[in-house]
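> Task: produce atomic coordinates for the following.
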Amino acid sequence: MDALQLVALVAASTAVAGLARRTPVPAPLLLVAVGLVAAYLPGVPDYTLDPHIVLPLVLPPLLYTAAVDSSYLDLRANIRPVALLSVGYVLFATVAVGWLAYALVPDLPLTAALVLGAVVAPPDAVAATAIARKLGLPGRITTILQGESLVNDATAITAYKVALAAAVGEGVSWAGGLWEFALAAVGGIGVGLVLMVPIHWLRTHLREALLQNTLSLLIPFIAYAAAEQVHASGVLAVVVVGLFLGHKNWKVDFATRLQEEAVWKMVAFVLESAVFALIGLQLPFVVQGLGPYGIGEAAWYAIGVFVFVVVVRFVWVFPATFLPRWLSPKVRSREPGVDWKAPVIVGWAGMRGVVSLAIAFSIPIATDGVPFPARNLVLFLTFTTVIGTLVVQGLTLPPLIRALRLPGRDRVQDTLAEAQAQSEASQAAEARLDELLADERNALPGPLADRLRTVMERRRNAVWERLGTVNELTGETADDTYRRLAREMIDAEREVFVRLRDARRIDDEMMRTLLRRLDLEEAAAYRETDQGRLP
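Sure, this is the predicted structure:
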């Protein structure tokens, strides 16, 4: 892939993802569909999914940004269901799907079938969590899906390595495989624990936001590479570091947080768009590589594997949800009760993604001159499973959520909690301001002191105003009207600065300084919406 092809891929995929935001179709599904069509259009170059790029260069930043945005406290509160899905389910699916493939496909060795099981075992919850947030699912379900996606890749990659070693005749036993899995998991967590404190110390002691953000972009690659260097799980190392830094992010200065949020949103958007488009673009390579298997025969195998992958998740999710509650009074008292609807959503949200394809493409063609058995068929079955889950489950998950009518987040209660928290914080700020102004070293002219109190009062009242009355003429709350008027005033100032620059009464450097001040004031006047866009 040359530079022009790479630019074309990124530009086209981000354009499609941007278009998806204006449609009810989730972006991953539209990207895959467009990629499938584009793969057969004349003039579209061949795009090959290189696992040596996806796993070490694409997976770490995606995992890191998801970990930083996750809640360590929520994950800790839901550690049991998250662990049962991210570890227990992946291992169960590896064995179950492997045995099915072994029984379904003639002459397929069991070791190769287990490689297939490990490859298709980990769900990619990017699309599922996006849908969950968009439709307002209960926070606990979203936390469980997100927590599963943070850890299950590490389980699947380790299981794949063990199965691959057995498939190529390296004589790995079940006990040896479990030992290797334990070492990779413990090692990955250990590397993350070792790195997280010094990285956090460095982030809080660097004084320039530019340097802090440069470090931020390097962190996931440092953690992943350090863990892989000692044959540990790079995925777990990245997750541990990301969760810790996200939990401690409040200690970093505001300029760094603002820049980091914008930078990582852009990075995640570009990478996710490109990798889902790449999934669709792989179809020609997969079909051409079927070799001795006819497309009709392979299609029947694909349907069987896809259906079994979907069924196996439900076979695991329902007992894992209810058995611990039936067996343990402690679990019943500690965790909220659930009905059958929540496990249905979690079970149907098992869409596969780019990690499965990247692992499949990393299967060696041959080892020591011995070809890997049925490699092309494994690639095809992986591809069809990924596409099948994304299309079938991805398209039906939103209507399923609506049909089940799960109670979503209570927006009024959330706003009340936010208002109460802001009120307590404002009281603390007011007491601190009085204490500071009592010291003659902090003497301020009356108008400036009043301005500090006015800004503080504005923050305190803004949340309560969202619960207030709506303007009958405009449909706006008082908070909406305030922000709109503030923006109109800032726009008027901005036009004057540009006019003065054009008249050569101020130079460009001065204009940029003045505009930056307005940008900061506008950012302060506007809060972000749930979709991450300014209103």
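> Quick one: residues in contact with stretch 305-315.
89, 92-93, 96-97, 100-101, 104, 116, 120, 123, 343, 347, 350, 352, 381, 384-385, 388-389, 393 (C-beta atoms under 8 Å, 6 or more residues apart in numbering). For every residue, glycine as well, the C-beta is placed using N, CA and C.
> swap the cut-off to 6 Å and go again
93, 96, 100, 120, 347, 350, 381, 385, 388 (C-beta atoms under 6 Å, 6 or more residues apart in numbering).
> can you tell me the average pLDDT over it?
Stretch 305-315 carries an average pLDDT of 96.
> Restrict that stretch to CA atoms and write it as CSV.
Taking C-alpha atoms only, stretch 305-315 is exported to CSV below (Å, rounded to 0.1, in the frame of the first residue of the first chain):
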residue,chain,number,x,y,z
VAL,A,305,-20.0,-21.6,12.1
PHE,A,306,-21.8,-18.2,12.1
VAL,A,307,-25.0,-19.7,13.6
PHE,A,308,-23.0,-21.7,16.2
VAL,A,309,-21.0,-18.6,17.2
VAL,A,310,-24.2,-16.7,17.9
VAL,A,311,-25.7,-19.7,19.8
VAL,A,312,-22.6,-20.3,21.9
ARG,A,313,-22.7,-16.8,23.3
PHE,A,314,-26.2,-17.3,24.6
VAL,A,315,-25.3,-20.7,26.0
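> Got phi/psi on the residue most central in space within the chain?
Per C-alpha atoms, centre = their mean, the C-alpha nearest to the average position across the chain is that of Ala66, at 3.9 Å. Torsion angles at Ala66 (phi, psi; degrees, to the nearest 10) stand at phi -70, psi -40.
> Could you do Ala366 as well?
phi -150, psi 150.
> Would you mind measuring from it to Leu243?
40 Å (C-beta to C-beta, to the nearest Å).
> What are the boundaries of the strands in the chain?
With DSSP state E, the ranges of strands along the chain come out as 366-367, 370-371.
> contacting residues for Val82?
144, 147-148.
> Include neighbour count, distance to Ile295 and pLDDT when you put these into JSON lines, please.
Listed next are the contacts of Val82 as JSON lines, based on neighbours: other C-beta atoms under 10 Å; distance: C-beta to C-beta, whole Å; pLDDT from 0 to 100:
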{"residue": "Ile144", "neighbour count": "28", "distance to Ile295": "38", "pLDDT": "89"}
{"residue": "Gly147", "neighbour count": "28", "distance to Ile295": "39", "pLDDT": "88"}
{"residue": "Glu148", "neighbour count": "29", "distance to Ile295": "34", "pLDDT": "89"}
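> Could you list which of these belong to helices?
By the criterion of DSSP state H, membership of the contacts of Val82 in helices covers 144, 147-148.
> any idea how far Leu515 lies from Ala524?
Counting by C-beta to C-beta - Leu515 and Ala524 are separated by 15 Å.
> same deal with Ala121?
On the measure of C-beta to C-beta, Ala121 and Ala524 end up 46 Å apart.
> Mind checking which of these two has more residues around it?
More neighbours surround Ala121 than the other of Ala121 and Ala524, with 30 against 12 (other C-beta atoms under 10 Å).
> wait, what's in contact with that one?
By C-beta under 6 Å, 6+ apart, Ala121 lies in contact with 90, 93-94, 156.
> With Phe318 instead?
Per C-beta under 6 Å, 6+ apart, neighbours of Phe318: Pro343.
> cool, and Arg504?
Contacts of Arg504 (C-beta under 6 Å, 6+ apart): none.
> what does Glu418 give?
Taking C-beta under 6 Å, 6+ apart as the test, what Glu418 contacts is Val463.
> who has more neighbours, Ala366 and Leu243?
Shown here are Ala366 and Leu243; by other C-beta under 10 Å, Leu243 has more neighbours (23 against 10).
> Buried residues, stretch 2-12. List them.
Across stretch 2-12, burial judged by 16 or more other C-beta atoms under 10 Å covers 9, 12.
> residues making contact with that stretch?
45, 274.
> residues near Ala96, how many?
Around Ala96 there are 20 residues (other C-beta under 10 Å).
> can you pull the pLDDT of it?
96.
> What is the burial count for the nearest residue to it once chain neighbours are set aside?
Closest residue to Ala96 apart from its sequence neighbours, by C-beta to C-beta, 6 or more residues apart in numbering: Val312 at 4.9 Å. Val312: 23 surrounding residues under other C-beta under 10 Å.
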